[in-house]
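The following comprises the amino acid sequence and a computationally predicted model.
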Amino acid sequence: MSGASKHFPLDGNQHQVTNANRVQRVSKIVAPYESARDNKRKADEDLIVPGKKLKTELFTPTELWFRGVRSSKFRHVYGQPVRREKCYDNVNITKNAHDSQFCAVNPKFIAIVTEVAGGGAFIVLPLDSTGRIDVNTYKVAGHTGPVLDVKWNPFNDNVIASCSDDCTIKVWYIPEGGLKSNLTDWEADLHGHKRRVGYIEWHPTAENVIASVGFDYLIMLWDIGKGDVLHIIDCHNDVIQSLSFNYDGSRLATTCKDKKLRVINPRTGFVISEGLCHNGSSRSSKAVYLKNGLLATVGFSRLSDRQLAIWNEDDLSNPLTTEVIDSSSGVIFPYFDYDTNILFLAGKGDGNIRYYEVVDAAPWVHFLSQYISGTPQRSMCFMPKRGCDINKCEIFRFYKLHTSKPLCEPISMIVPRKSDQFQDDLYPDTAAPTASVSASDWYNGVNRPPTLMSMKAGGVKTHKPKVPSVTRNHMNPNMGADLKYNVKLAFLNTNDRPDYRPIDVSNGN
């Protein structure tokens, strides 16, 4: 018998036996699914509703042969870094070990905290001022200690707030076109914390309301338009590690070094719910509000694995789900996109960005993919959705501060689409740069969702006046706001402060 006949026998009976074996093997594979389908059909027959068409097939052909692959329009999202000449190069990025972003961006400007000798400062650059940055670039300098966090006002692209190791929060106005000299004249100087201020967060719907987190275990709510302290939240027993407002700003969530996650009413300071969160290492854990009363936290397990957990804001006794990410040691920062329900996780010292799609039922999150880079990040910030490029189907844009390079690198998260038309399913109405409620109305109990705008019309720029300067003769010198120079020397009248007025030497004394 030839070699060909050995592998392909001419005997018809052998062909029949081979086909019979193949059918038998396929039957064994398909039988469980046919059984499940029959059971589903029987259950449906018991629940027949007149006029309603029931789905009698438990598995479609696609689900049968591609089990475990979930259909999602964001399944193929990928990260695309820009070319080196489109980055912000030669930036003397701060080397502070504090766990915050150290940068902030909006459709007009990008701010980056820098390393300086004495005091604290950050640079503000027009968004298109890419390339190599001059070492003598003008800075925003006014803090006497290192700057720990910066955040742009969501309703005014020219206003930015900063907090510092010097226990203060300062609010600055950046002129159109950027800085023409070093900026040392702040619009408001908020002082009330007794220890350094680690984090700040603008209210998502109320105008001129900002929250500050101090290492004195306090959260302070401010009305920067008046310089008033709206409320002081004192319910933590240890260092607060993160703060996040929900969608309409009616609640805020915090993580703490005591390993507890808390949901708080920001107007009263009442703790609505609390629970043990990532009860392993006391290293920093972070929380971010999702949609529909869900929360996401990232932290460390007892085995020092990094974890992602999803919670119901009304019941923090146990998480809805917990996923182990990896065993690295860097702190993870969560970022949530309300428009696409995508949760991004970027770890300090990591080179990758993981992203998940959040759903309203178990298993609550679905891993999509990750952007992988060979260079680690110190921290990141993200562009508001109104600043994304709809022509490239860009749904998110990160600005990555490199650990080993003096570089800030934009990274676009893109959904691959061939059509040049506006993609309605990728760009629902998003948060507009317009407040939906005043500070006083919000504090008196008014809750309103963010004002929305269409992305189809393009980006919207804000045209608003500076933060109003208010003379406050009743200001408590130990707690309140320093607004402009007409009150900056108010402390000279107190007996417990030194008098720095120049000595009159005209009489020879």
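Thanks, I have it. Residues are numbered from 1 along each chain as shown.

Residue 204 and residue 323, how far apart?
Per CB to CB, to the nearest Å, residue 204 is found 27 Å from residue 323. Bear in mind the C-beta positions are built from the backbone N, C-alpha and C, glycine included.

how about the helices of the stretch 351-500 of the chain, start to end?
Remark: helices assigned in the stretch 351-500 of the chain by DSSP state H, counting those that start in this stretch are 439-443.

Below-threshold pLDDT in this structure: ranges please.
Filtered on pLDDT under 70, the chain yields the residue ranges 1-69, 457-509.

how is it carved up into domains?
10-65, 75-234+420-509 (automatic domain parsing).

any idea how far residue 90 lies from residue 104?
As judged by CB to CB, residue 90 and residue 104 stand 20 Å apart.

And for residue 331?
From residue 331 to residue 104 the distance is 18 Å (CB to CB).

what do you get for residue 367?
From residue 367 across to residue 104, the span is 28 Å (CB to CB).

Pick out the residue nearest the middle of the protein.
residue 335 (3.1 Å; CA atoms, centre = their mean).

hey, what's it bridged with?
residue 344 (DSSP bridges).

list the contacts for it?
Applying CB atoms under 8 Å, 6 or more residues apart in numbering, we find residue 335 in contact with 288, 343, 344, 345, 346, 380, 382, 396, 398.

Identify, from those, the entry nearest to residue 158.
Nearest to residue 158, judged by CB to CB, of these is residue 382 at 19.3 Å.

I figured the closest one hits residue 398, correct?
Yes: counting by CB atoms under 8 Å, residue 382 does reach residue 398; the two are 5.5 Å apart.

Could you name every residue contacting both of these two?
What both residue 382 and residue 398 touch, as defined by CB under 8 Å, 6+ apart, is the set 335, 344.

that's a strand at residue 250, yeah?
No: using DSSP: H, G, I helix; E, B strand; the rest coil, the assignment for residue 250 is coil, not a strand.

More neighbours: which of residue 90 and residue 104?
Comparing residue 90 with residue 104 by other CB atoms under 10 Å, the one with more neighbours is residue 104, at 22 against 14.

which stretch of helix or strand covers the more buried one?
Remark: residue 104 resides in strand 103-105, with elements defined by DSSP states H and E.

Does that strand pack against any helices or strands, and if so which?
Strand 103-105 makes packing contacts with strand 109-114, strand 147-152, strand 377-382, strand 394-402 when contacts are defined by 3 or more CB pairs under 8 Å, 6 or more residues apart in numbering; DSSP states H and E.

mind putting the ones you listed in CSV, mean neighbour count included?
As requested, the helices and strands packed on strand 103-105 are arranged in CSV below (neighbours: other CB atoms under 10 Å):
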stretch, mean neighbour count
strand 109-114, 24
strand 147-152, 25
strand 377-382, 23
strand 394-402, 22
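
How about the contacts made by the nearest residue to residue 145 once chain neighbours are set aside?
Excluding its sequence neighbours, the residue lying closest to residue 145 (CB to CB, 6 or more residues apart in numbering) is residue 165, at 3.2 Å. Residue 165 makes contacts with 120, 143, 145, 146, 148, 196, as judged by CB under 8 Å, 6+ apart.

for residue 423, same thing?
Residue 423 neighbours (CB under 8 Å, 6+ apart): 390, 393, 415, 417.

Mind doing that once more with 7 Å?
393, 417 (CB atoms under 7 Å, 6 or more residues apart in numbering).
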